[in-house]
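Undergrad: coords below, sequence missing:
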């Protein structure tokens, strides 16, 4: 059934707001972990591991972005957002494993430096690669939800909602680490990330502007 231009805009605005909330939840987890990773890893005795992870995130993101710009159109924006977002959880899982090993003084292979260092670096590279597709697909999705008149407004609305994660991440880090240990902190971040991915799976395709009802 054809919709009026105003109805299409309203339907797509709801989609943009929902996407912004999804990103807010995901990046509340990521920013909280990212901002404290170097400090926490130093406390665990992994003095350079946090900095190494940051290097590989940025380096991989830069390299994969070149390739992603050629291949991201082969998948739907929704698919790219889901899989790109899922890559962020890996780094939180690595943090949970590292803090678990420290808390319980485990001597298993999974808790050895031989495993933990490569695992953290691998998840950092996975995050860098996933983020390249995530942001390309995000912009594609928001642009598809907008027309020429609403593109700037919709992008601004998404960005405003997304940036709330900067505030929430700081609040969560302060509150959680004020009462719980580092392992519990990372477990909570993994749960936040998992909730975000579940929310991503409910993203609806933008309503197309092709069949606007004549009024």
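TA: Cool, the structure landed. Treat the numbers as computed from the prediction; the structure is a model and nothing was measured.
Undergrad: tell me which helix or strand comes right after the lowest-mean-pLDDT helix or strand in the chain.
TA: Taking mean pLDDT, DSSP states H and E as the measure, the helix or strand of the chain with the lowest value is helix 49-71, at a mean of 91. The helix or strand immediately downstream of helix 49-71 is helix 77-104, counting by DSSP states H and E.
Undergrad: next, the buried residues of that next one.
TA: 77-78, 80-102 (16 or more other CB atoms under 10 Å). C-betas here are computed from N, CA, C, even on glycine.
Undergrad: stretch 12-23 too?
TA: 12-13, 15-16, 18-23.
Undergrad: just the element for residue 116, please.
TA: Going by DSSP H and E, residue 116 is part of helix 113-145.
Undergrad: quick one, that helix and helix 77-104 angle?
TA: 150 degrees (axes from the mean of the first three to the mean of the last three CA atoms, to 10 degrees).
Undergrad: elements contacting the following helix or strand past helix 113-145?
TA: Note on helix 113-145: by DSSP H and E, the next helix or strand toward the C-terminus is helix 151-179. When contacts are defined as 3 or more CB pairs under 8 Å, 6 or more residues apart in numbering; DSSP states H and E, helix 151-179 packs onto helix 5-44, helix 113-145, helix 182-200.
Undergrad: buried residues, the first one. List them.
TA: It stands for helix 5-44. Buried residues in helix 5-44, counted by 16+ other CB under 10 Å: 8-9, 12-13, 15-16, 18-34, 36-38, 40-41, 44.
Undergrad: having no further points to raise, I will conclude here.
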